[in-house]
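Chemist: here is a sequence with its predicted model. Questions after.
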Number of protein chains: 2
Amino acid sequence: MSTTVSPLAPASVPTLPVIAGVRLATAAAGIRYKGRTDVLLALFDEGTTVAGVFTKSKCPSAAVDWCRERLAGGKSSKGGLARALVVNSGNANAFTGKTGKAATKLTADIAARAIKANAGQIFLASTGVIGEPLDATKFNGVLDDLASRAAPESWEEAARAIMTTDTFPKLATKTVKLGKARVTINGIAKGAGMIAPDMATMLSFVFTDAPIAAPALQALLKSGVEDTFNAVTIDGDTSTSDTLLAFATGAAKDAPRISRASDPRLKAFAKAFREVLADLAEQVARDGEGARKLVEVLVEGAVSKASARRVAMSIANSPLVKTAIAGEDANWGRVVMAVGKAGEPADRDKLAIFFNGVRVAYKGMRDPSYDEAEVSALMKQPKITIKAALGLGKGRDRVLTCDLTKEYVAINGDYRS
Amino acid sequence: MSTTVSPLAPASVPTLPVIAGVRLATAAAGIRYKGRTDVLLALFDEGTTVAGVFTKSKCPSAAVDWCRERLAGGKSSKGGLARALVVNSGNANAFTGKTGKAATKLTADIAARAIKANAGQIFLASTGVIGEPLDATKFNGVLDDLASRAAPESWEEAARAIMTTDTFPKLATKTVKLGKARVTINGIAKGAGMIAPDMATMLSFVFTDAPIAAPALQALLKSGVEDTFNAVTIDGDTSTSDTLLAFATGAAKDAPRISRASDPRLKAFAKAFREVLADLAEQVARDGEGARKLVEVLVEGAVSKASARRVAMSIANSPLVKTAIAGEDANWGRVVMAVGKAGEPADRDKLAIFFNGVRVAYKGMRDPSYDEAEVSALMKQPKITIKAALGLGKGRDRVLTCDLTKEYVAINGDYRS
């Protein structure tokens, strides 16, 4: 595994404030890794609400199944309430059949006993190798110890315990007014498409002390991911385990209780919540395997936003576009190719393409005024913005990705499992 | 550009027989390359029928537009008849605006003058750099010379003249009975996804002396590509210029004239025609950029053939599956991931996965009897078959691809245009 921090990492790791009602602890349980933490326990005060969005994979992990059932209010749970979150790295507990299902139940039972709560209010996430049985008995004792040690300040430790091949921990925070109260939103994440040997998972957990009812939290999360986590791609591959959970303790003093996402008092909060998700999602793109460039793809002039998204994803997932960026080549011909293959309305003779603000092609031809030397210099920057203006309508969208380097192939190909 | 022949190349280049009514010649016109041929002229006797299938890109090249118009019977052409094919490598004449359209017209006019035919019966294909104007005046003189030199034996020269970054020429042939006559089908191709710097094109041309009316030839071609050229992927990127044209001279002695694709006399011919397409398509996969392994993806037990195709393409286009194959790793977890992300009906707990015939996972779990050492040895073979059995229905399909190596990234990223 790589030990070099991505050149695109933020300059420093932010220090996250305490959130009333949340305590965290981590441990090295020896799930797979040696000499590092691999279990996170987050404890929540009673009354904490929860919401979640998950991978669209038809082969989801056992933990994803577990969380979906708990959110739906399956037996032995009150839907929408959470007392704890248990995350392990090193084993995804995916494609593990009945054993995997039993492991989720056992993990939740051990946690429930440790904190004297209902197992139906324990949420789970696992990331790591696919297809290996997860030995949940390893959590015996460990979770009791974590429960006794949990502390409100342990945000960076929490972000580190969920890492797999991430090269830096990912944290973000915002404080914002809700009614007359000040409330906080903290988030942590681990990377997507960061998969070595098999670690196909994006995990993110967001926490707030705002009192928000579960359905409102779910609505915030669903609309919040649309232009953040759902607008990031590393390699177009989707994990069996992608999980984003939000927890609202409601412990902020004097904050109004919010029951509907449409509540006008929620406006500033909703914006800050989306900003935390956007910050975490960008950090995921900045830590794509082997990434040397952050790539922002802007599409405008599409027939709709959905169409713009599909064109942007076609560009962002094109191996030929991504290798060109790695080679610092303003290869707009490949962008034309990726627009053309998206299957969305596009008119070759109305298309314009820009690299870092410089128009290189328009009206179906190379821009005659385009200065190769100027654009070559721009391509050396660590962030590259590719804009495709389709000239058809008002649909626009934005997607983040990274370049495709030999390092990516080395990380994912140069080993024997 | 790579000068090493792909390790997956066929042992020898086949010698193609003469086809009555077809003559070929090549030249070095200096379009872009030095010291190699880059123009092919194929001449057809009067009455030759033609059919074509093209890229689905919304940004097609000028030559693709030209051929489509000619096939549709645009003005100054009788739809479905061809007297010549002009192919150049080195410049795709794609995203070249009005200049590009004018270049196709000028090329066809020069060819028409050289062979004293109608410009509407000249077919064109271009492959090479995108966005550079094609200077069609370079064909002046060259095409006259080619017309005078054209000979019926020059198949390998023809296959070489259309190469860009292909590492070997691609040819295939079949001889088959049509009625009481023996007829021949010859084909040549250049690779897909073989794009350095910008050479985003698969081109293939198939020739026969069978007398087949244009609509029947079109029907044969359309059904023939479905499980051959349309079932090959290198990197999921689709060129602006993909072109497959079929020409039938009708010059075979004593062959019955076929006017409908459903004619029962066409059965053996249709099979041989499909075999030529399949042979060429496999050669394209064997010459994928940087390829070290030929990868066959079989999907069975899907709810339909179309669903099986989408699952197979999801596996074949997954960078994580392809890098694992490059690393000789039987990484079935990534195959589960790719099945799951396809968006098609799949049931984790009914899924079985095989590498080169050995079952490694079934019923949503690792196969307990799977011998790691045995499978590791199999993964060293030059051809890897991945089978995913979904266990839902009777839909099955097959797709060919290659592995994703550091060479691919080097070819497409290690240069400045």
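Modeler: Now that the structure is in, tell me what you want to look at.
Chemist: domains in chain A, by residue range?
Modeler: A:22-286, A:294-413 (automatic domain parsing).
Chemist: put together TSV for these, with mean pLDDT and mean neighbour count on each row.
Modeler: All C-beta spots, glycine's among them, are computed from the backbone N, C-alpha and C. As requested, those are exported to TSV (pLDDT from 0 to 100; neighbours: other CB atoms under 10 Å in any protein chain shown):
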stretch	mean pLDDT	mean neighbour count
domain A:22-286	92	22
domain A:294-413	93	21
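Chemist: redo those domains as JSON lines? Include distance to residue B:274.
Modeler: Shown next, in JSON lines, are these (distance: least, CB to CB, whole Å):
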{"stretch": "domain A:22-286", "distance to residue B:274": "31"}
{"stretch": "domain A:294-413", "distance to residue B:274": "25"}
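Chemist: so who does the spatially closest residue to residue A:364 that is not a sequence neighbour touch?
Modeler: Distances taken as CB to CB, 6 or more residues apart in numbering or on different chains put residue A:349 closest to residue A:364, at 3.8 Å, once the chain neighbours are dropped. Shown in contact with residue A:349 (CB atoms under 8 Å, 6 or more residues apart in numbering or on different chains): A:363, A:364, B:97.
Chemist: ok so residue A:349 is a strand residue?
Modeler: No: counting by DSSP: H, G, I helix; E, B strand; the rest coil, residue A:349 is not part of a strand but helix.
Chemist: tell me the helix or strand right after the host helix or strand of residue A:377.
Modeler: Residue A:377 is located in helix A:372-378, with elements delineated by DSSP states H and E. Downstream of helix A:372-378, the first helix or strand assigned by DSSP H and E is strand A:383-389.
Chemist: next, the angle strand A:383-389 makes with the helix or strand that that following strand is followed by.
Modeler: Using DSSP H and E, the helix or strand that follows strand A:383-389 in sequence is strand A:395-402. Using axes from the mean of the first three to the mean of the last three CA atoms, to 10 degrees, the direction of strand A:395-402 lies 150 degrees away from that of strand A:383-389.
Chemist: hmm, strand A:395-402 touching chain B?
Modeler: No: taking CB under 8 Å from any CB of the partner chain as the criterion, strand A:395-402 and chain B are apart, separated by no less than 12.2 Å.
Chemist: from the middle of its chain, how far away would stretch A:44-52 be?
Modeler: In terms of CA atoms, centre = their mean, to the nearest Å, the centre of stretch A:44-52 is set 20 Å apart from its chain centre.
Chemist: let me fix that: stretch A:289-303
Modeler: With CA atoms, centre = their mean as the basis, the mean position of stretch A:289-303 lies at 17 Å from the chain mean.
Chemist: for stretch A:254-273, same thing?
Modeler: Computed by CA atoms, centre = their mean, the chain-centroid distance of stretch A:254-273 equals 23 Å.
Chemist: equivalent analysis for stretch A:300-311, please.
Modeler: The chain centre lies 23 Å from the centre of stretch A:300-311; the measure is CA atoms, centre = their mean.
Chemist: likewise stretch A:277-284?
Modeler: Once both centres are worked out by CA atoms, centre = their mean, stretch A:277-284 turns out to sit 7 Å from its chain's centre.
Chemist: need the contact partners of it.
Modeler: A:10, A:168, A:170, A:172, A:187-192, A:202, A:204, A:206, A:224-225, A:227-229, A:231-232, A:234, A:244, A:294, A:400.
Chemist: does any part of the helix holding residue A:377 sit near chain B?
Modeler: Yes: using CB under 8 Å from any CB, helix A:372-378 reaches chain B at residue A:376.
Chemist: in terms of secondary structure, what does that helix contact?
Modeler: Contacting helix A:372-378 under the criterion 3 or more CB pairs under 8 Å, 6 or more residues apart in numbering or on different chains; DSSP states H and E are the following elements: strand A:358-362.
Chemist: how far away from the center of its chain is the strand it packs on?
Modeler: Worked out by CA atoms, centre = their mean, strand A:358-362 lies 32 Å from the chain centre.
Chemist: can I get the CA coordinates of it in PDB?
Modeler: Once non-C-alpha atoms are left out, strand A:358-362 reads as follows in PDB (Å, rounded to 0.1, in the frame of the first residue of the first chain):
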ATOM      1  CA  VAL A 358      -9.100  28.800 -22.200                       C
ATOM      2  CA  ARG A 359     -11.300  27.900 -25.200                       C
ATOM      3  CA  VAL A 360      -9.500  25.300 -27.300                       C
ATOM      4  CA  ALA A 361     -12.300  24.300 -29.600                       C
ATOM      5  CA  TYR A 362     -15.600  25.700 -30.800                       C
END
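Chemist: for the stretch 51-200 of chain A, which segments count as strands?
Modeler: A:84-91, A:122-129, A:170-178, A:181-190 (DSSP state E, counting those that start in this stretch).
Chemist: return the distance of the third one from the chain's centre.
Modeler: The offset between the C-alpha centroid of strand A:170-178 and the centroid of the whole chain comes to 16 Å, using CA atoms, centre = their mean.
Chemist: and the angle for that strand with strand A:181-190?
Modeler: 160 degrees.
Chemist: strand A:170-178 packs against which elements?
Modeler: Short answer (3+ CB pairs under 8 Å, 6+ apart): strand A:170-178 packs on helix A:155-161, strand A:181-190, helix A:267-286.
Chemist: closest to residue B:124 out of these?
Modeler: helix A:267-286 (41.7 Å; CB to CB).
Chemist: tell me the angle that closest one makes with strand A:383-389.
Modeler: For helix A:267-286 against strand A:383-389, the angle by the same axes, to 10 degrees is 110 degrees.
Chemist: ok, the following helix or strand past helix A:267-286 near chain B or not?
Modeler: Tracing the chain past helix A:267-286, the next element assigned as helix or strand by DSSP H and E is strand A:294-302. No: Strand A:294-302 lies out of reach of chain B by CB under 8 Å from any CB, never closer than 11.8 Å.
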